[in-house]
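> Make a model of this:
(chains A, B, C and D)
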Protein chains: 2
Amino acid sequence: MVKLFDGINPRNREKLEKIFETQTLHVKKNTSILKSIHGDNLIGYVLNGYLEIIKNDSNGNKTIFEEIYDEDTFNTSLLTFNRGEYDILAKEDSSILLIDYESIIEEKEITKDYYLQFIKNLLEITIAKGKEKNERIEILTKKTIRNRLLEYFSIASNKHGSKFIYLPFNFTDLADYLAIDRCAMTRELKNLKEEGFIEIKGKRITLLYEKYSSSDPLINI
Amino acid sequence: MVKLFDGINPRNREKLEKIFETQTLHVKKNTSILKSIHGDNLIGYVLNGYLEIIKNDSNGNKTIFEEIYDEDTFNTSLLTFNRGEYDILAKEDSSILLIDYESIIEEKEITKDYYLQFIKNLLEITIAKGKEKNERIEILTKKTIRNRLLEYFSIASNKHGSKFIYLPFNFTDLADYLAIDRCAMTRELKNLKEEGFIEIKGKRITLLYEKYSSSDPLINI
DNA sequence: TTTTAAATGTTGCATTTGCAACATTTTGCA
DNA sequence: TGCAAAATGTTGCAAATGCAACATTTAAAA
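So this is what the prediction gives:
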């Protein structure tokens, strides 16, 4: 995926960081960065570390909204912070560059190509995030646990063109991502195993069926 | 919401349309525009009319992915077209300007301010769409019909700062949007009415409770 | 290493929900 | 205006699923 400063040399990157309103945060593992954030419309760029944007609703359900690794970008305006249910947690010691979004957009002076490049990068990243969101919506509109799992497998499998899927998180978090009860998910995974649809070894899932929906031939690697 | 050509005068808009690879489509009500689209990475701009991006999955469930009105913008790359489940339907006679996305991004020559403005507009629009997707994800991660409805009401109510909600679509489509069975939804709406939570008159829903989640005081208008 | 916490596995059960199969009402169109 | 189609309302029932309450395994931290 495109990175925020792709195609911009260090000197120009420095210039941009001076033009924009920025702030650099250093946070310890397992702490929230919310209290250090001022303003609700910030672009965050993870210099190093690993963040999770999670949501705890009033029913006690946790959902992982985004996972943000090294050099990845997030946008706090996408969250409805005022609802008080979101949190951004550092899962490792992390450094984060925060840029005020308005100061990016309202800049009129410079028509330098590196500024244009920056805006284009931000656009590319935002589109890519939109695709991920669409994928999750595709999954969540499925009504049964089985169909959510199969849709998830299908998308993951198509991405890498392989019948092997390596889960990017543990099963507890997978259940959160699919918005289903973890125990019920385990039950259904067992069914899928027993019916010969899948094989599970740790975080590697092997798809044993040829295709899931009508249109998706699985490539056999 | 920002429009694609906001802040760009007609002369410069024309210049842009010449620089980019564009195509103008005219489609009749209730026809698909997919067959007229060539390329899978297009920015669509509705000159006039009204479109719906829908998805029919293999289980026969329909989902409305996006509603695109006059002067609104959509991005075909956000859809996984190869899965053959998506369609873009004109719900009215419509005219659509299609712009090849690559031809937008790869343009290097012009550093004109109207080009920058265009990219910024596209960024703003993409971010706004991302917010809408997040809202839907928030709703779809709720596990019960009741909680999905209440979350939907809460978001709609907060948007306008009012306890009155005017549904932007009919109840059948609302059920699709919430990814629940229409009959079950009707049943639950009846329950909510009988328990005194809401009042329904046509497409206007009145919230009779003060707040839904812990953090959201409803403004009383 | 030991201890503590987190993740995973399992199962019974009450509840919710999707589904089917209708009746009724509203809307759009010829 | 009248007719067909779409939208809405209703209900019984089987199936799916969330939940609680555990045991067991694995991972992290002290």
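
> need the helices for chain A, in chain order.
A:10-19, A:101-105, A:113-140, A:145-160, A:171-178, A:182-194 (DSSP state H).

> quick one: which of these is nearest residue B:37?
With Cβ to Cβ as the criterion, residue B:37 lies closest to helix A:113-140 of the helices of chain A, at 17.5 Å. Quick note: C-beta positions are derived from backbone N, CA and C, even for glycine.

> Would you mind listing what in chain A touches DNA strand C?
A:143, A:170-173, A:182-183, A:186-187, A:189-190, A:200 (Cβ under 7 Å from any atom of the strand).

> 6 Å instead, please
Contacts of chain A with DNA strand C, taken as Cβ under 6 Å from any atom of the strand, map to A:143, A:170-172, A:183, A:186-187, A:190.

> could you list every residue that touches the residue nearest the centre of chain A?
In chain A, the centroid-proximal residue (Cα atoms, centre = their mean) is residue A:66; its distance is 3.6 Å. Contacts for residue A:66 (Cβ atoms under 8 Å, 6 or more residues apart in numbering or on different chains) come out as A:52-53, A:74, A:129.

> ok, now residue A:208?
A:163, A:196-199.

> Any chance of TSV for those, columns distance to chain B, neighbour count and pLDDT?
As requested, those are exported to TSV (distance: Cβ to the nearest Cβ, whole Å; neighbours: other Cβ atoms under 10 Å in any protein chain shown; pLDDT from 0 to 100):
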residue	distance to chain B	neighbour count	pLDDT
A:163	17	19	92
A:196	20	9	92
A:197	15	18	94
A:198	18	20	95
A:199	23	14	94
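
> farthest-separated two in these?
Taking Cβ to Cβ, the two most distant members of these are A:163 and A:196; they sit 13.6 Å apart.

> before we move on, the earlier item: for chain B, state which of the residues of chain A next to DNA strand C is nearest.
residue A:143 (6.8 Å; Cβ to the nearest Cβ).

> pretty sure the closest one is touching residue B:61, no?
Yes: Residue A:143 is in contact with residue B:61 according to Cβ atoms under 8 Å; the separation is 7.0 Å.

> circling back to that earlier point, tell me which of the contacts of residue A:208 fall in strands.
Among the contacts of residue A:208, the ones falling in strands (DSSP state E) are A:198-199.

> What parts of chain A come near DNA strand D?
Checking chain A against DNA strand D by Cβ under 6 Å from any atom of the strand, the hits are A:144-146, A:180-181, A:183-184, A:188.

> Out of the residues you listed, which end up buried?
By neighbour count, with 16 or more other Cβ atoms under 10 Å in any protein chain shown, the residues of chain A next to DNA strand D hold A:145-146, A:180, A:188 as buried.

> quick one on the thing from earlier: which pair in the residues of chain A next to DNA strand C spans the largest distance?
A:143 and A:170 (24.9 Å).

> In a markdown table: the helices of chain A, plus mean pLDDT.
Below are the helices of chain A laid out as a markdown table (pLDDT from 0 to 100):
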| stretch | mean pLDDT |
| --- | --- |
| helix A:10-19 | 94 |
| helix A:101-105 | 94 |
| helix A:113-140 | 94 |
| helix A:145-160 | 94 |
| helix A:171-178 | 96 |
| helix A:182-194 | 96 |
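
> how about TSV for these, with distance to chain B added?
Conversion of the helices of chain A to TSV gives the following (distance: least, Cβ to the nearest Cβ, whole Å):
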stretch	distance to chain B
helix A:10-19	14
helix A:101-105	6
helix A:113-140	4
helix A:145-160	7
helix A:171-178	8
helix A:182-194	10
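
> Which one, of the ones you listed, ends up nearest to residue A:46?
Among the helices of chain A, helix A:113-140 sits nearest to residue A:46 (Cβ to Cβ), with 12.2 Å.

> Which positions in that closest one come out as buried?
Within helix A:113-140, the residues that count as buried by 16+ other Cβ under 10 Å are A:114-127, A:129-130, A:133-140.

> helices and strands around it, which ones?
If contacts are counted by 3 or more Cβ pairs under 8 Å, 6 or more residues apart in numbering or on different chains; DSSP states H and E, helix A:113-140 sits against helix A:10-19, strand A:73-75, helix A:101-105, helix A:145-160, helix A:171-178, helix B:101-105, helix B:113-140.

> Could you save the ones you listed as a markdown table and add columns showing distance to residue B:29?
Formatted as a markdown table, the helices and strands packed on helix A:113-140 follow (distance: least, Cβ to Cβ, whole Å):
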| stretch | distance to residue B:29 |
| --- | --- |
| helix A:10-19 | 47 |
| strand A:73-75 | 37 |
| helix A:101-105 | 37 |
| helix A:145-160 | 32 |
| helix A:171-178 | 37 |
| helix B:101-105 | 27 |
| helix B:113-140 | 25 |
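
> thinking again about what came up before, more neighbours: which of residue A:143 and residue A:170?
residue A:143 (14 against 10; other Cβ atoms under 10 Å in any protein chain shown).

> so who does that one touch?
Counted by Cβ under 8 Å, 6+ apart, residue A:143 has contacts B:59, B:61, B:179-181.

> picking up where we left off before, any idea which of the helices of chain A gets closest to residue A:30?
Comparing the helices of chain A by Cβ to Cβ, helix A:171-178 comes nearest, at 15.4 Å.

> quick one: that closest one to helix A:113-140, angle?
90 degrees (axes from the mean of the first three to the mean of the last three Cα atoms, to 10 degrees).
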